[in-house]
Structure formats: structure tokens, C-alpha cells
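**Q** This is the structure alone, sequence omitted:
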């Protein structure tokens, strides 16, 4: 029952703008799922749902997998923490102060740049894998624009 309810919740928040627990509970009831607000609250926590902005002072529930990083946050992370970079073939290496590579890599992953097929982060180094190799200059240009 719980897994079906969780699946229905994820389906609903993708199709509709749902901003409150009560709205989610009502949407579930319309779908024939009997729930209380307390159950919905637990489900939100278990699914790791987050509220994302959709306009001026408006928010909706979203799956963490749907959340993309904001342009301003990515710009801040790159400008603040990328010390230098280099590339070879289809690989770009970014250097950060110790302890910051994973946070920057996470923001890059969430930015979902189509040319970046993955990142690997250590303590102070990030490896970006670019596909196709011809896209490396485009990605480097994008990174440089954030560093200016």
C-alpha cells in the first residue's frame, strides 16, 4: 500500500502544481487513496520531496531528482571555488580549495549540461567527462563565463 501511495505521490507532483501537504492529501483522495495529513507528512519526508520555486513567492513539491541547480547558485559555486582548470581530449579537470570539489561537482551534475556525461570529485579535484569531444571548447567557454 505504501509503495503504491508513494508512486502515486510522485506521479501527482509531476503532473500538478502541489504546494501544501493538504493539497497533496486532497489530490490523493481524488485518486481514491485514503490518507491523513500525518501520513502525507511522513511520505514527503521518506520520498525526500523538496519545495522548489515556480514564480514570485510560489513553490511546489518536487522529487529531488527533478531539482536542477539555479544558474545563480552554480555561478557562485564556480566563481567562488574553482581555482584553475585544464583539459585533455574529452576530459576537463577543475581544481578547488581542499574540501570543496564534491559540492561544486554536485552543482555541475544538477545543472544537467547535456555535454557533461558525468563528474568524479575528490577532495580538491573534479573530473568532467565530456561527450562528444568536440563539445569541450563549448563547456570550457561556459565555465570561463562563470569565472569572470
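**A** Here it is on my side, so go on. Everything quoted here is computed from the prediction, not taken from an experiment.
**Q** Quick check: the gap between residue 21 and residue 50.
**A** According to CB to CB, to the nearest Å, residue 21 and residue 50 sit 14 Å apart. For every residue, glycine as well, the C-beta is placed using N, CA and C.
**Q** who's more crowded, the two?
**A** Each of residue 21 and residue 50 had its neighbours counted (other CB atoms under 10 Å), and the higher figure belongs to residue 21 (17 against 14).
**Q** And residue 61, which helix or strand is it part of?
**A** In this assignment (DSSP states H and E), residue 61 forms part of strand 58-62.
**Q** elements contacting the helix or strand that residue 72 is a member of?
**A** Assessed by DSSP H and E, residue 72 sits inside helix 71-81. Here helix 71-81 touches helix 101-111, helix 136-147, going by 3 or more CB pairs under 8 Å, 6 or more residues apart in numbering; DSSP states H and E.
**Q** Would you mark the buried spots in it?
**A** Neighbour counts using 16 or more other CB atoms under 10 Å place 74-75, 77-78, 81 of helix 71-81 among the buried residues.
**Q** What is the helix or strand following it packed up against?
**A** Sequence order places strand 84-88 as the next helix or strand after helix 71-81, per DSSP H and E. With contacts taken as 3+ CB pairs under 8 Å, 6+ apart, strand 84-88 sits against strand 91-95, helix 136-147.
**Q** hey, what's the closest residue to residue 108 other than its chain neighbours bridged with?
**A** Setting aside the residues directly before and after it, residue 108 is nearest to residue 119 in space (CB to CB, 6 or more residues apart in numbering), at 5.5 Å. Following DSSP bridges, residue 119 is listed with bridge partners residue 128.
**Q** Could you measure from residue 119 over to residue 139?
**A** Counting by CB to CB, the gap from residue 119 to residue 139 is 11 Å.
**Q** what do these two both touch?
**A** Listed as contacting both residue 119 and residue 139 by CB atoms under 8 Å, 6 or more residues apart in numbering are residue 128.
**Q** Turn the helices and strands packed on helix 71-81 into JSON lines, including mean pLDDT.
**A** Formatted as JSON lines, the helices and strands packed on helix 71-81 follow (pLDDT from 0 to 100):
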{"stretch": "helix 101-111", "mean pLDDT": "88"}
{"stretch": "helix 136-147", "mean pLDDT": "94"}
